[in-house]
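K.L.:
give me a model of this one.
(chains A and B)
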Amino acid sequence: MTLRRGLLILALLTPGLGVILLMIGSVFYVAVMQSVGFYNLTGEDSFSLEHWRKVLDSKQFGRALSYSAYIAVVASIGSVAIAYPIAIWLRRPFRGSLVISALLKAPLFVPGLVASFLFLNVIAYHGIVNQLLMWIGITNAPIRLQNDRGAWGVVFLQLWKNMPFALLLLTGAVQSISDEVLDAARDLGAGGFDRFRKVIAPLTVQAMQASLIIIFIGAAGDFAFQVTAGPTNVQSMAQYMVFLKDSFGRWNQAAAVGLSLMVLALFGSLMLAFTARILSKSGKW
Amino acid sequence: MVMLLESNAIPKTAKRKAGTLNRVLMIVLMTACAIWLVVPFTMAVLWSMVDPQTGWEYPDLLPPSLTLLRWAEVWTTTALPQALANSYMLAPTVAVITLILASPTAYCFARFDFPGKGLAQILTLLPLVVPGFVLAIFFSSLIFSLGIYSRFLSILMAHCVLFLPYAIRVMTVAFGQVRQDLIDAARDLGASPLAVFRAAYMPALLPGVLASLIIVFIQSIEEFAIAFIVGAPDFTTIPSILYSYLGYNFIRPNAAVVSLILVVPNVLLMLGLERLLKSANPAQSGVKG
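P.N.:
Numbers count the residues shown, from 1 in each chain, chains lettered A, B, ... in the order given. Next comes the predicted model:
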């Protein structure tokens, strides 16, 4: 590669990739520096691990971390688990399959806050779900479903919003498996589940990993669903971070929480993707 | 075509069984979809039209009377017109700037081979893997320390970077579809660079350009974390107004109005986008996560 060509490539990459690296790099740098006592909006800058210690010692942090990890794992695995059978069913086009697939993917285009609002309406104290439960006779009085302690509302919203994304990626992957391969597996006596375990899963593992990673990261960093529909006795990591920043401007501690959230998002999603790969390649499950 | 192939490959009884199964599955799924989409959206529309005089209270299944008063009230008494103006000024600007920033990189990815290209392509996805609120909070602290006080400019910058991955991806596919033989033919016939661009590049790029503009536009309108953290409290966008009605002051009819204002134009744009992508290349133009 000549110098001229190299310079041209660099020049072409600068406005796109260069801008991304500069900005994400600076944001990351500011977060790291703030977490150890620099970039203070008020007061002196000085190196200190005190902010990390305060955050790591607090009970709230531990709860937020495990809560966000829990939501992220359930959302990513749940979305993929629901999307797989639908993707396989829609593998070959049939009458109405396009409509079905469009309807199923619609939540992709509904912003998170709107999704929250729609959901809150449906599960409201005198909402349609409660009326239905009373009408069937399961309960005598309406149940308080909003901000439930088990975080079922958040889990439902995560699945509603993310399953279509997994479906989008998995449909493409499943459709690219040729009929010959599946027919061969069928001829060799593989049942439905075996075909999935030994043929479909290994051949679509990349799409599965991409879905798991993106959904995990989004759900781990969730703020909107948690604040509107989540339990009030526990905070998600993003919510806790915003809370620290807003109450008494504890930016340094917020930075420590933010970095922990990034670590959770990165390691959690990679671990999940790695596990998915090992399992699908070995076929022993 | 597929049906024909199927009928040759699979015995008739099996086919009939599969057909019935599909029909049953479809009815089940259509019902689920109705509950999944129709009920929630109908309730939003109804709530946005509840008459403040009569209200909508238990045990009425439907509101006793409908009116557009709420829409008028939200429009005249809240910051919604300003938020709409902000959002709809921000989004097209973001879409155009992002396209301009993304194009050279996309061109490079599509038409050059160089060591480290794979890594470079993965690195462009960085904005997608950093949780939105982390990015928002530390971006706001970055712009404070840089002394940038324009909210519009700050959100604009953040949105451009945040949505660059989509634009780069879409435009890389578009540049990949420009045919080298057409470029060569135009050059051989003595076309000027501009004429080469018009004859060989434009037709292949146009769907990608429109797709990139629409995708980034929609993302920017819907984006909440940065608009909320960086913009609060004086610069409002549609999602931050909606959030204010969902928080401590939960005002259901107002939230319904704003939800519909946020979601309906985007759905229409999305439908347009889908047509566009189908006309271009359905297999390659999809946004990859």
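K.L.:
nearest residue to B:L66 other than its sequence neighbours?
P.N.:
B:M49 (4.4 Å; Cβ to Cβ, 6 or more residues apart in numbering or on different chains). Where C-beta positions appear, they are placed from N, C-alpha and C, glycine not excepted.
K.L.:
can you check A:Q235 too?
P.N.:
The spatially closest residue to A:Q235, leaving aside those adjacent along the chain, is A:A64, at 5.0 Å (Cβ to Cβ, 6+ apart).
K.L.:
neighbours of the one you found, how many?
P.N.:
Around A:A64 sit 26 other residues, with neighbours defined as other Cβ atoms under 10 Å in any protein chain shown.
K.L.:
hmm, it is touching A:G230, no?
P.N.:
No: with the criterion set as Cβ atoms under 8 Å, A:A64 and A:G230 do not qualify as a contacting pair; they are 11.3 Å apart.
K.L.:
which neighbours do those two share?
P.N.:
The contact sets of A:A64 and A:G230 overlap at A:236, A:239 (Cβ atoms under 8 Å, 6 or more residues apart in numbering or on different chains).
K.L.:
where does the stretch 101-250 of chain B dip in pLDDT?
P.N.:
Counting by pLDDT under 70, the stretch 101-250 of chain B shows low-confidence ranges at B:248.
K.L.:
show me the helices in it, by range?
P.N.:
Using DSSP state H, counting those that start in this stretch, the helices of the stretch 101-250 of chain B run over residues B:117-123, B:126-129, B:132-146, B:151-176, B:180-188, B:193-196, B:202-222, B:225-231, B:238-246.
K.L.:
and those as CSV, adding distance to A:I177?
P.N.:
As requested, these are exported to CSV (distance: least, Cβ to Cβ, whole Å):
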stretch, distance to A:I177
helix B:117-123, 25
helix B:126-129, 27
helix B:132-146, 34
helix B:151-176, 22
helix B:180-188, 31
helix B:193-196, 40
helix B:202-222, 27
helix B:225-231, 37
helix B:238-246, 39
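K.L.:
quick one, which of those helices is nearest to A:V122?
P.N.:
Put simply, out of those the one that sits nearest A:V122 is helix B:238-246, at 14.4 Å, with distance taken as Cβ to Cβ.
K.L.:
the residue of the stretch 1-150 of chain A found nearest chain B: what's it in contact with?
P.N.:
At 2.7 Å from chain B, A:G16 is the closest residue in the stretch 1-150 of chain A, using Cβ to the nearest Cβ. Counting by Cβ under 8 Å, 6+ apart, A:G16 makes contact with B:101-106, B:124, B:164, B:168.
K.L.:
same thing but at 6 Å, please
P.N.:
When contacts are counted by Cβ atoms under 6 Å, 6 or more residues apart in numbering or on different chains, A:G16 touches B:101-102, B:105, B:164, B:168.
K.L.:
which of those come close to chain A?
P.N.:
B:101-102, B:105, B:164, B:168 (Cβ under 6 Å from any Cβ of the partner chain).
K.L.:
touching, B:A204 and B:Q177? I think so.
P.N.:
Yes: under the criterion of Cβ atoms under 6 Å, B:A204 lies in contact with B:Q177, with a separation of 4.5 Å.
K.L.:
tell me the pLDDT of the nearest residue to A:S46 once chain neighbours are set aside.
P.N.:
Of all residues beyond its chain neighbours, the one nearest A:S46 is A:G37 (5.4 Å), with distances taken as Cβ to Cβ, 6+ apart. The pLDDT attached to A:G37 in the predicted structure is 90.
K.L.:
also B:W75?
P.N.:
What the model reports for B:W75 is a pLDDT of 91.
K.L.:
now do the same for the closest residue to A:H126 other than its chain neighbours: helix, strand or coil?
P.N.:
The shortest distance from A:H126 to any non-neighbouring residue, by Cβ to Cβ, 6+ apart, is to B:Y58 (3.9 Å). Classification of B:Y58 using DSSP: H, G, I helix; E, B strand; the rest coil returns coil.
K.L.:
up against chain A, what does the stretch 101-250 of chain B have?
P.N.:
Taking Cβ under 6 Å from any Cβ as the criterion, the stretch 101-250 of chain B approaches chain A at residues B:101-102, B:104-105, B:108, B:112, B:114, B:120, B:124, B:126, B:129, B:131-135, B:137-139, B:141-142, B:145, B:161, B:164, B:168, B:222, B:239, B:242-243, B:246.
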